[in-house]
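Undergrad: return atomic coordinates for the entry below.
(one chain, ligands or ions: 2)
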Amino acid sequence: MAVMEQVCKAREITSVLRVSIMSVLPPVRNDRIISQLPKCFSKGAALHTENGFNTKVKTACQEQRTGTVGFKISKVIVVGDLAVGKTCLINRFCKDVFDKNYKATIGVDFEMERFEVLGVPFSLQLWDTAGQERFKCIASTYYRGAQAVIIVFDLTDVASLQHTRQWLEDAMKENDPTSVLLFLVGTKKDLSSSAQYSLIEQDAIKVAQEMKAEYWAVSALSGENVREFFFRVASLTFEASVLAELEKSSSRSIGDVVKISNTTSNLYATSKKKQPSCCQ
Ligand SMILES: Nc1nc2c(ncn2[C@@H]2O[C@H](COP(=O)(O)OP(=O)(O)OP(=O)(O)O)[C@@H](O)[C@H]2O)c(=O)[nH]1
Ligand SMILES: [Mg+2]
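TA: Numbers count the residues shown, from 1 in each chain. Ligands and ions are numbered 1, 2, ... in the order given. Model prediction:
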């Protein structure tokens, strides 16, 4: 009974917290509502090619069992060579603008984007980092704690594609490679002819496969694939967050079972793992 009361109290506190956090964030725009998993860009280099969201995730959302996901802010970092178009890509999506004049990012900058995925509010913090060598050391201090890393290259500049491996290595020094989602994005699609594009796409898909990244080609100037790309980032990051939350809550309940059985006398008879070292 006392445990139940505590659970109810914790739920109450959680919902109060949720309401107060939500009230300081801007409301979700009508054009940021995701009810279906957006398609990948290329089946040859996708994080997964399923048609819809993971069934466990869909059920958890329907039953409102998404834990803290609804009021967490997921960090996404955007890295890549100078002038490949990182800032323009973010600005096209977040502000629907395009600036043809190059203004180098000094250190870092960030934008917040709020989505609603399968009825659950979900926020992304997009960190736009500097590609210029002299600002790299400031920028890299912001790499830590990313849920997704977007590595950007210029589709008209093969060297910028080659440098993506180094950008990945630097970003991964600060993050857990087993839990970070990777995206490899070629920008300035409007500048390459279809023959040029096909050539670089082959190499880019190879690099993406090696990195286990999802490949996209976009244009911030025309807006081609920009919205589709960020919707895919939001959806896959959301899906991974809900799955992690479900895993956490299932390991919590397994922990509870172990605790209860701790009081029983035949504890070591059922679990070898739990045997004290003197019995091994
Ligand atoms: N044609 C075309 N030009 C682009 C596109 N995206 C960016 N540019 C141009 O490329 C230049 C560099 O763009 P930025 O977005 O500032 O590059 P960045 O990667 O943020 O550069 P740093 O901040 O120095 O790392 C600018 O002159 C942009 O106008 C695109 O999709 N098409
Ligand atoms: Mg920039």
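
Undergrad: enumerate the residues of the stretch 101-250 of the chain near ligand 1.
TA: 101-102, 104-105, 130-132, 187-188, 190-191, 219-221 (C-beta under 6 Å from any ligand atom). Any C-beta I mention is one placed from the backbone N, CA and C, and that applies to glycine too.

Undergrad: please flag which of those sit within strands.
TA: Secondary structure assignment by DSSP state E places Thr187 of these in strands.

Undergrad: please produce a PyMOL select command covering the buried subset of the residues of the stretch 101-250 of the chain next to ligand 1.
TA: Buried residues among these (16 or more other C-beta atoms under 10 Å), as a PyMOL selection:
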select buried, resi 105+130+131+187+188+219+220+221
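
Undergrad: for the residues of the stretch 101-250 of the chain next to ligand 1, give me TSV that also has pLDDT.
TA: Converted to TSV, those look like this (pLDDT from 0 to 100):
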residue	pLDDT
Asn101	97
Tyr102	97
Ala104	97
Thr105	97
Ala130	96
Gly131	97
Gln132	95
Thr187	98
Lys188	98
Asp190	98
Leu191	98
Ser219	98
Ala220	98
Leu221	98
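
Undergrad: which of the residues of the stretch 101-250 of the chain next to ligand 1 lies closest to ligand 2?
TA: Ligand 2 has its nearest neighbour among those in Thr105, at 3.1 Å by C-beta to the ion.

Undergrad: I'd say the closest one and Cys88 touch.
TA: No. Using C-beta atoms under 8 Å as the test, Thr105 is too far from Cys88 to be in contact (10.6 Å).

Undergrad: which regions of this structure lie under the pLDDT threshold?
TA: 1-25, 252-280 (pLDDT under 70).

Undergrad: how about the residues of it that lie near ligand 2?
TA: With C-beta under 5 Å from the ion as the criterion, the chain comes near ligand 2 at residues Lys86, Thr87, Thr105.

Undergrad: circling back to that earlier point, restricted to helices, list the residues of the stretch 101-250 of the chain next to ligand 1.
TA: Among these, no member falls in helices (criterion: DSSP state H).

Undergrad: and which of the residues of the stretch 101-250 of the chain next to ligand 1 is nearest to Val28?
TA: Ala220 (23.4 Å; C-beta to C-beta).

Undergrad: from the chain's centroid, how far away is the helix ranked longest in the chain?
TA: In the chain, with assignment by DSSP H, the single longest helix is helix 226-261. Its chain's C-alpha centre and that of helix 226-261 lie 12 Å apart, by C-alpha atoms, centre = their mean, to the nearest Å.

Undergrad: report the buried residues of that helix.
TA: 226-227, 229-242, 245-246.

Undergrad: and stretch 211-219, by the same measure?
TA: Those would be Met211, Ala213, Glu214, Tyr215, Trp216, Ala217, Val218, Ser219, for stretch 211-219 by 16+ other C-beta under 10 Å.

Undergrad: residues contacting the closest residue in space to the second one that isn't next to it in sequence?
TA: In space, Ala213 comes closest to Leu182 once its chain neighbours are excluded; the distance is 3.7 Å by C-beta to C-beta, 6 or more residues apart in numbering. Under the criterion of C-beta atoms under 8 Å, 6 or more residues apart in numbering, the contact list for Leu182 reads Leu47, Ala148, Val149, Ile151, Leu168, Met211, Lys212, Ala213, Glu214.

Undergrad: and Ser219, by the same measure?
TA: Thr187, Lys188, Lys189, Asp190, Asn225, Val226.

Undergrad: the same query, at a cut-off of 7 Å, please.
TA: Thr187, Lys188, Lys189, Asp190 (C-beta atoms under 7 Å, 6 or more residues apart in numbering).

Undergrad: now swap in Val78 and tell me
TA: Lys86, Ile90, Leu126, Trp127, Asp128, Thr129, Ile150, Val152.

Undergrad: and the helices in this structure?
TA: 2-24, 55-62, 86-95, 133-139, 158-162, 164-173, 194-211, 226-261, 267-270.
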